[in-house]
Every structure is written in C-alpha cells, then in structure tokens.
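A.B. asks: below are the sequence and a predicted model; questions follow.
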Amino acid sequence: MKQSKKPFLLVLLVGAVFTLSGCQDVRMWFKGFEQSFKGLEMTIRTYDEESQVMDEISGKSIMIERDSEFDSDEERADSSVIRVTIGSKELHHVGSSMVIEEQGLENIFDDYAKTVDYQNIERGIPVLNAMVNQYKQSFTGKKKVVLIRSQNGTPLATYAGNKVSLYKTDVPKSTGLLIDGRYLFVYRCDYTVYDTDLFF
C-alpha cells in the first residue's frame, strides 16, 4: 500500500517556515507587506543642514513610497519625491534630510556622539570575510551602530541593534534598515554603519 506524501510535505513546509522566519530578508519582505496593507506605526522627522528638526509627525498607519507621478517617463523610475501616507492623509517630500523610524526604535545619539578612532591589526581573508558578512546581512543581521548625518555632515541621529541589515528602496537616495525587527527609512542623509565591535 502506498503511503501518502502529505504528512512529509507538511513537516517540510513547517520546517521551512520556521527556518525562514529567522531570515532577515524574509522579515523585510513581511515588513513591506505589513506597510502596504496595514501601515506601520512610525515617526517622521525632517532636518535642516545643521541637523535641527524642522518638523515631526507620528502616525499609526504609515506607508512610504516613491511618487511615480514625478518620474521622467515610463521607462525611468527616477522620481526623488516621496509620498508618505498617514492614515487617510498624505504628505509629499523632496530635498531635505528625512528619517522615518518605526515605533520601538530609539535614537541613542548622545551615547555615540563621538569620533570613531579604531585600529584593527587582525589578519583575515577578505573574500571569506565578505561572504560571511553577506550571509549575516541576509539571514541573521549583525550587531551594528548606524550614525546618521545631514547632507553637510552634521550628526543628527544614531541607532543600534543586535540584528541589523540594510536594504535598497525604490526611492532614489534612500536606504531601508531592519533593526531588531523594526524598520528605519533614511532619505538624503549621509550615514555610516559600523559593526558594534569597532566601538569597544
């Protein structure tokens, strides 16, 4: 008598879900899905060149996207205009530095408001180190500190986490970061992302 393959496939599927749920890339995909269909609870801040907050808006159902109405043509997705939906309202933004943080992220700027001066004399194999770092970027994230500056280089915010990964967005001159399961959107800012071990 032939045994059914259904129990085996079910076990395989459950195992795959548990394995992938720990994957940063999958978490980021779900974060994008949640943002599109439910919105994220976030705080939006724009900054001037001296890193002074010009405005701040918080909302419970926020979605960030590139406003394609301002693309040069249908072939080029090059609009730098951001459309942010806040509940049923929206705002458009272009130009100045903007940081949008999901609730639960903490700006720890004062803790890391210092110059990094680090020397490393350990030997390594660069190609292997790059492979390991890329694996961690996609699957586990790494302990990192994110130092964000205005466009003229004035420090404005700092974030840190145990599982940090960087992602491209569809908005030019922006980066999305997943920090311990929370989303951070950085637009028209200078930034440096350090392994936390470089500070200690």
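C.D. replies: Looks like it arrived, so ask away. Numbers count the residues shown, from 1 in each chain.

A.B. asks: just the pLDDT for the closest residue to D170 other than its chain neighbours.
C.D. replies: Once flanking residues are discounted, D170 sits nearest to R66: 4.9 Å by CB to CB, 6 or more residues apart in numbering. Any C-beta I mention is one placed from the backbone N, CA and C, and that applies to glycine too. R66 carries a pLDDT value of 87.

A.B. asks: pretty sure R66 contacts K173?
C.D. replies: No: look at R66 against K173 with CB atoms under 8 Å: they stay out of range, at 10.6 Å.

A.B. asks: quick one: common contacting residues for the two?
C.D. replies: Residues touching both R66 and K173 (CB atoms under 8 Å, 6 or more residues apart in numbering): S80.

A.B. asks: give the buried residues for whichever strand or helix holds V193.
C.D. replies: V193 is part of strand 190-195 when elements are defined by DSSP states H and E. Across strand 190-195, burial judged by 16 or more other CB atoms under 10 Å covers 190-191, 193-194.

A.B. asks: residue nearest the centroid of the chain?
C.D. replies: Centroid-nearest residue in the chain: L177, 1.3 Å away (criterion: CA atoms, centre = their mean).

A.B. asks: that's a strand at it, yeah?
C.D. replies: Yes: membership of L177 in a strand is supported by DSSP: H, G, I helix; E, B strand; the rest coil.

A.B. asks: my guess is it contacts Y167, does it?
C.D. replies: Yes: counting by CB under 8 Å, Y167 is a contact partner of L177 at 7.1 Å.

A.B. asks: helices along this structure, start to end?
C.D. replies: With DSSP state H as the criterion, the chain has helices at 6-21, 24-37, 126-135.

A.B. asks: ok, the closest residue to the residue nearest to the centre of the chain other than its chain neighbours to T175 distance?
C.D. replies: What sits nearest to L177 in space, not counting adjacent residues and going by CB to CB, 6+ apart, is L184, at 4.4 Å. According to CB to CB, to the nearest Å, L184 stands 9 Å off from T175.

A.B. asks: of the two, who's got more company?
C.D. replies: In this view L184 and T175 are compared by other CB atoms under 10 Å, and L184 has more residues nearby, 23 against 18.

A.B. asks: so where's this protein shaky on pLDDT?
C.D. replies: Applying pLDDT under 70 to the chain flags residues 1-22, 33, 110-141, 200.

A.B. asks: where do the strands sit along it?
C.D. replies: Here the chain has its strands, by DSSP state E, at 40-47, 53-66, 82-86, 89-93, 97-102, 142-149, 155-168, 174-179, 182-187, 190-195.

A.B. asks: just send the ones you listed back as JSON lines, with distance to Q24 too.
C.D. replies: Converted to JSON lines, those look like this (distance: least, CB to CB, whole Å):
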{"stretch": "strand 40-47", "distance to Q24": "17"}
{"stretch": "strand 53-66", "distance to Q24": "19"}
{"stretch": "strand 82-86", "distance to Q24": "24"}
{"stretch": "strand 89-93", "distance to Q24": "27"}
{"stretch": "strand 97-102", "distance to Q24": "15"}
{"stretch": "strand 142-149", "distance to Q24": "10"}
{"stretch": "strand 155-168", "distance to Q24": "4"}
{"stretch": "strand 174-179", "distance to Q24": "6"}
{"stretch": "strand 182-187", "distance to Q24": "12"}
{"stretch": "strand 190-195", "distance to Q24": "14"}
